[in-house]
Structure formats: C-alpha cells, structure tokens
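**Q** Show me how the following folds:
(chains A and B)
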Amino acid sequence: GDSVTQMEGPVTLSEEAFLTINCTYTATGYPSLFWYVQYPGEGLQLLLKATKADDKGSNKGFEATYRKETTSFHLEKGSVQVSDSAVYFCAPGGNMLTFGGGTRLMVKP
Amino acid sequence: IAGITQAPTSQILAAGRRMTLRCTQDMRHNAMYWYRQDLGLGLRLIHYSNTAGTTGKGEVPDGYSVSRANTDDFPLTLASAVPSQTSVYFCASSERLAGSADTQYFGPGTRLTVL
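**A** Residues are numbered from 1 along each chain as shown, chains lettered A, B, ... in the order given. Got it, this is the predicted structure:
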C-alpha cells in the first residue's frame, strides 16, 4: 500500500525564518498529493495540493512541488509567522489518503 | 455553513461500555471517513463509506462498526470499548471517494478516553 515519510518534529523556528518540511512517499501510479494542517484543538484542513507531476501547489505563502522523479512533495515557506505554528501532514491520495505522522512546527516571536 | 459536526466533543468511558460517536455533514458529500489520531502515529483510517448504503474497512477497523443510512450521517460505534481505543477521532467527508483530487473536510474531533 501507499506510505509516506515526513521529517520528524518538532521543528522550532524564529519568526521570518525559512521553512522546509520534507515529505517522500511510495504509491501506485501517480496520485494527487496533499498537505494538510492541524491548528491546536482543531481538525485537519487542506493547505495545498498538486494533482500531477511538476505541479506546484500554493496557499498562504506555502508551496510544494510534485516531484515524480524523487517521489517527494516538500513543503516550503519563505518567512514563517507565529500563526503558522501547527502540525503539518503530507498525504498521497492514492486509493485512500495515507497520512504521515505529522510534523509539529513551533514558531517563536 | 457548518460543514462537519461531531458529537460528543469529549467522553470518558468505562471499558466494556458501548459508545456511538456521531458525525453529520451538510455538504451533500458522497464519501465519508472515520480516522483515529494517536500521538506520533498520524491519522489512521478506521472505516469509510463511498455513498449512502455502502461502507468499507480501513487500516484499523477491528472493534469498530459504522453505518451509512443516509448521505449526511456516518456514526461510528464501539461495541465494547477497550483502553487501546483511547484516541482522538475525526470524521471527514469528500465529494468523491479518495483516489481523486478531492479535498477531505474534517470535523473538529471527539476525544475519547477509555478507562
């Protein structure tokens, strides 16, 4: 079945720092790829997605590019804010969504 | 627009008791899902439903059952709760079953503690 590997957290950054959260996956075929975010005390919500190779998903300053060659979908943001503190989940959307273990991001003022 | 509602918000349950977690969506989505979230394990799929009247097993279905009598409701039942079922439970829905590019929309979760 599908699987996903995310970098373990927590990731602690200062405000305005550059963020990268690595995600690699194994899947049958070429599934859509998703990043979901979970803010404290809430359910998950879609952050961005990409549906085919070389597509770039973007939202709220976050970006991720569908890299078929390296089966990766790394999340990046150029300048994080305290409000970005949350848990981030990478998920290939094959037969079912397969969630990684999540990466907790803590941004300090 | 409410989206997805779950009830109760939290519950403490004695082992061996029966419990039903409720989930209702108002988006007329065909597909619905139940996940459990445990620390360090991400979300794991328990059961899903492609459309009203059909259900399927996910990654961790043992000890749980679901029904889908109509489009809006997707209750999850623990027939005889055990401590290992202590977790946060999330209900989700999408227009079509996962495997498309459809976004899943999540409820706020139910925190269940089994003692």
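**Q** Only C-alpha atoms from now on, for both contacts and neighbour counts.
**A** Will do.
**Q** right, and the secondary structure at B:S84 would be what?
**A** When classified by DSSP: H, G, I helix; E, B strand; the rest coil, B:S84 comes out as helix.
**Q** what sits against it?
**A** B:V114 (Cα atoms under 8 Å, 6 or more residues apart in numbering or on different chains).
**Q** That one and B:N70: what is the separation?
**A** Counting by Cα to Cα, to the nearest Å, the gap between B:S84 and B:N70 amounts to 30 Å.
**Q** Tell me how many other residues surround the residue in chain A positioned nearest to chain B.
**A** Closest residue of chain A to chain B, Cα to the nearest Cα: A:G101 (3.9 Å). Using other Cα atoms under 10 Å in any protein chain shown, the number of residues around A:G101 comes to 25.
**Q** do the same with A:D84
**A** Neighbours of A:D84 (other Cα under 10 Å): 17.
**Q** what about the nearest residue in space to it that is not next to it in sequence, which SS state?
**A** Closest residue in space to A:D84, ignoring its immediate chain neighbours: A:V107 at 6.9 Å, by Cα to Cα, 6 or more residues apart in numbering or on different chains. Look at A:V107: counting by three-state DSSP, its state is strand.
**Q** From what I see, A:V107 and A:T12 are in contact.
**A** Yes: in terms of Cα atoms under 8 Å, A:V107 counts as a neighbour of A:T12; the distance is 5.8 Å.
**Q** Neighbour count for those two, which is higher?
**A** A:V107 (19 against 14).
**Q** who does the residue in chain B that chain A sits nearest to bridge with?
**A** Going by Cα to the nearest Cα, chain A is nearest to B:G42 of chain B, at 3.9 Å. Counting by DSSP bridges, B:G42 forms beta bridges with B:D38.
**Q** Which residue lies nearest the spatial centre of chain B?
**A** Per Cα atoms, centre = their mean, the C-alpha nearest to the average position across chain B is that of B:W34, at 2.6 Å.
**Q** That one: what's it in contact with?
**A** B:W34 neighbours (Cα under 8 Å, 6+ apart): B:45-48, B:76, B:89-92.
**Q** give me the subset of those touching chain A.
**A** With Cα under 8 Å from any Cα of the partner chain as the criterion, those include B:F90 near chain A.
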